[in-house]
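1. below are the sequence and a predicted model; questions follow.
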Amino acid sequence: MADIVYILCALTSITCAVLLLRGYRTSRRRLLFWSGLCFSFFALNNILLVLDLTFLPNIDLSTVRAIPTVIGLALLLFGFIWDEQSRL
């Protein structure tokens with residue numbers, strides 16, 4: 001049952017990333033771009049989570065899983081700061 005939840009979380013993150021990047025392509029709002037990139041890295045994190053806990057239970061990928069999350073959050077934070085500075 002937990003495997004299904006992990007897979008659904010990965011699919012949800014992928015869907016969010018696709019929708020955000022598609023929205024950026026039509027409206028050219030930078031915040032959609034940075035949010036789409038962030039969710040892309042969250043999706044990568046969720047895919048690594050599925051691999052870690054479902055297919056490779058004997059190998060600890062928690063450190064590797066943390067890297068896409070940190071990159072995604074850093075990109076979103078950079079996007080917030082960049083967007084705010086460009087308004088000034």
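-> All right, it came through fine.
2. quick one: distance of the worst-scoring helix or strand of the chain on mean pLDDT to the chain centre.
-> Taking mean pLDDT, DSSP states H and E as the measure, the helix or strand of the chain with the lowest value is helix 62-87, at a mean of 90. Centroid separation for helix 62-87 versus its chain: 10 Å, with CA atoms, centre = their mean, to the nearest Å.
3. only the buried residues of that helix, if you could.
-> Of all the residues in helix 62-87, those buried under the rule 16 or more other CB atoms under 10 Å are 65, 68-69, 71-72, 75-76, 79. Yep, even glycine has a C-beta here, placed from its N, CA and C like the rest.
4. and if you look at stretch 5-18?
-> Buried residues in stretch 5-18, counting neighbours by 16+ other CB under 10 Å, are found at 6, 9-10, 13-14, 16-17.
5. give me the mean pLDDT for that stretch.
-> Computed over stretch 5-18, the mean pLDDT rounds to 96.
6. between helix 62-87 and the helix or strand containing residue 18, find me the angle.
-> Residue 18 belongs to helix 2-27 when assigned by DSSP states H and E. On the basis of axes from the mean of the first three to the mean of the last three CA atoms, to 10 degrees, helix 2-27 is oriented at 20 degrees to helix 62-87.
7. just checking, what packs against helix 2-27?
-> The contact analysis (3 or more CB pairs under 8 Å, 6 or more residues apart in numbering; DSSP states H and E) places helix 2-27 against helix 30-50.
8. all set, thanks.
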